[in-house]
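Asker: Below are the sequence and a predicted model for it; my questions follow.
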Amino acid sequence: MRVALFTETFLPKVDGIVTVVCLLLDHLEKRGIESTIVAPKMGVEKYRSTSVIGVPGVKLPLYPELRVGPPTLSTYQQLRAFQPDIAHFIHPALIGIPGMLMARSMGIPTVASFHLDFARLAHHFNLGFMEPVTDLLTKTVFNAADRSLAPSKRIQRDMQRIGIRNVGLWGRGVDAEKFNPRYQSAAMREAMSDGHPEDTLLLYVGRVSSEKQLDQLRPILETVPGTRLAVIGDGPARGDMETYFSGTPTKFMGYMKGEALSAAYASADMFVFPSAMETFGLVVVEAMAAGLPVVASRVGGIPDVVDIGVNGYTFEVNDIAGMIDGVRQIATNRARITQMGQAARAFAESQSWDTMMDEVVDLYVTMIAEATGEQAAVSAA
């Protein structure tokens, strides 16, 4: 089997989408499946055994770490030379939509997976008038694929609501070895707490941008005694957020990866996540795997993984009082932090990436078999 992936974002940029793409490529290699990926040309020509077909583009003003541009004739020629059996589109847009036309001309089945809620993003940036148009475009693009995949039950319902057909569920897993309480580090806690390891240490990990609504975390620090906040990540709003949190017990740690990130997760007491929109929220399950109870907004896949009162609490987007209440219920009792953290870890251990990725591979096999059978039937006729 040969699989061609199309993505609008890839290495060296690192985010939730890139993480999932790399994990999928890793799993395909593990299963002995050949793959290639069509992605923005950012200097990466190969990822492990996967060749990267780079698409030239220009930087986006608001997100300079992204490059955008349509595929070229060279893209199509390299794709044909690879001779894929199926094409998987990671939220098709400027690269993926022309890629669908390429796949159709080659007569191979197509699957599109949902990773970014553009309509809700427009709403967040006060462009609500664009939501109906964005939903219509999303419906049109995803219905152009033979199958679609949603990352969570909530997103699956949203996709079906706007008229997308054939929507399956492709959940998210976690590497419970990489994110593990055993990485707990006194030195890391000392650094994240700015020299106050005895306080209750709240943690945020992710992009520092307006839609993540980090500013809503400040009231926690002002109303729940003995709490401190560590922010791991970078993004366009970091400078503004550092200014806004000036004078509060907050430490901005910057971008982390590898064992340092594992230690950061494991060395905090609680994970807080006030994001206005997510398609899943991988960082939430990573925090749970590290043994942290979670207080997070009810977006994306978070309601699927947080068992209220057992491994954390959830709140509606912008319900700051509800978020504070969730933090207070956990933070006021050290034994409760430990108990809920253990429950979070137990849940995360059941969420294997291998299982989630095997479901996608099984779908590929089924779709290729269906397409081959259909072609054989047409030839016989």
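Answerer: On my side now, so go ahead.

Asker: can you give me the helices for the stretch 201-350 of the chain?
Answerer: 218-223, 238-244, 258-266, 282-289, 302-305, 320-331, 334-349 (DSSP state H, counting those that start in this stretch).

Asker: which helices and strands sit right next to the second one?
Answerer: Okay, so that is helix 238-244. Identification of packing neighbours for helix 238-244 by 3 or more CB pairs under 8 Å, 6 or more residues apart in numbering; DSSP states H and E yields strand 250-254. Just so you know, the C-beta spots here come from the backbone N, C-alpha and C atoms, and that holds for glycine as well.

Asker: what does the strand it packs on contact?
Answerer: For strand 250-254, contacts defined as CB atoms under 8 Å, 6 or more residues apart in numbering pick out 191-194, 218, 221, 228-234, 238, 241-242, 245, 264.

Asker: what's near enough to touch the spatially closest residue to residue 313 that is not a sequence neighbour?
Answerer: Spatial nearest neighbour of residue 313, excluding adjacent residues (CB to CB, 6 or more residues apart in numbering): residue 326 at 3.2 Å. Applying CB under 8 Å, 6+ apart, we find residue 326 in contact with 295, 312, 313, 314, 315.

Asker: from the residues you listed, which ones fall inside strands?
Answerer: If you go by DSSP state E, these have 295, 312, 313, 314, 315 in strands.

Asker: could you dump those residues to a markdown table with pLDDT?
Answerer: Shown next, in a markdown table, are the ones in strands among the contacts of residue 326 (pLDDT from 0 to 100):
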| residue | pLDDT |
| --- | --- |
| 295 | 98 |
| 312 | 98 |
| 313 | 98 |
| 314 | 98 |
| 315 | 98 |
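
Asker: With respect to residue 281, which of those is nearest?
Answerer: The nearest member of these to residue 281, counting by CB to CB, is residue 314 at 10.7 Å.

Asker: Report how many residues lie close to that closest one.
Answerer: For residue 314, the neighbour count with other CB atoms under 10 Å is 22.

Asker: re the thing from before, just the helices of the stretch 201-350 of the chain: most buried one?
Answerer: Scoring those by mean neighbour count under mean count of other CB atoms under 10 Å gives helix 282-289 as the most buried, with a mean of 27.

Asker: Compute the inter-axis angle for that helix and helix 258-266.
Answerer: 70 degrees (axes from the mean of the first three to the mean of the last three CA atoms, to 10 degrees).

Asker: How far off centre is helix 282-289?
Answerer: Distance of helix 282-289 from its chain centroid, counting by CA atoms, centre = their mean, to the nearest Å, is 11 Å.

Asker: Stretch 66-82 now?
Answerer: 25 Å.

Asker: Same question for it: list its buried residues.
Answerer: 66, 67, 68, 71, 75, 76, 78, 79 (16 or more other CB atoms under 10 Å).

Asker: Name the residues of the helix ranked longest in the chain that come out as buried.
Answerer: For the chain, the longest helix by residue count, based on DSSP state H, is helix 353-380. For helix 353-380, burial by neighbour count (16+ other CB under 10 Å) applies to 353, 356, 357, 360, 361, 363, 364, 367, 368, 371.

Asker: tell me the two of these that are most distant?
Answerer: 353 and 371 (26.9 Å).

Asker: Does anything pack onto the longest helix of the chain? Which helices or strands?
Answerer: Here helix 353-380 touches helix 16-30, strand 86-90, strand 110-113, strand 147-150, going by 3+ CB pairs under 8 Å, 6+ apart.

Asker: out of those, nearest to residue 170?
Answerer: Short answer: strand 147-150, nearest of the helices and strands packed on helix 353-380 by CB to CB, at 4.0 Å.

Asker: give the contact list for the closest residue to residue 213 other than its chain neighbours.
Answerer: Nearest residue to residue 213, sequence neighbours excluded (CB to CB, 6+ apart): residue 274, at 4.6 Å. By CB under 8 Å, 6+ apart, the contact list for residue 274 reads 212, 213, 214, 216, 217, 296, 297, 317, 320, 323.

Asker: Could you provide the residues you listed in a markdown table, with additional columns for pLDDT and distance to residue 86?
Answerer: A markdown table is the format used below for the contacts of residue 274 (pLDDT from 0 to 100; distance: CB to CB, whole Å):
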| residue | pLDDT | distance to residue 86 |
| --- | --- | --- |
| 212 | 96 | 34 |
| 213 | 97 | 38 |
| 214 | 98 | 39 |
| 216 | 98 | 42 |
| 217 | 98 | 43 |
| 296 | 98 | 35 |
| 297 | 98 | 35 |
| 317 | 96 | 36 |
| 320 | 98 | 45 |
| 323 | 98 | 42 |
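
Asker: Looking at those residues, which one is closest to residue 176?
Answerer: The shortest approach to residue 176 among these belongs to residue 296, at 19.0 Å (CB to CB).

Asker: what's across from the closest one in the sheet?
Answerer: Taking DSSP bridges, one obtains residue 273, residue 314 as the residues bridged to residue 296.

Asker: I'd like to know how many residues surround it.
Answerer: Residue 296, neighbours per other CB under 10 Å, totals 26.

Asker: quick one: residue 330 from residue 148, how far?
Answerer: Residue 330 is 37 Å from residue 148, where distance means CB to CB, to the nearest Å.

Asker: pLDDT value on residue 328, please?
Answerer: As predicted, residue 328 sits at a pLDDT of 97.

Asker: That one: what's it in contact with?
Answerer: So residue 328 contacts 223, 224 (CB under 8 Å, 6+ apart).

Asker: ok, now with 10 Å
Answerer: Listed by CB atoms under 10 Å, 6 or more residues apart in numbering, the contact set of residue 328 reads 220, 223, 224, 225, 227, 295, 313.
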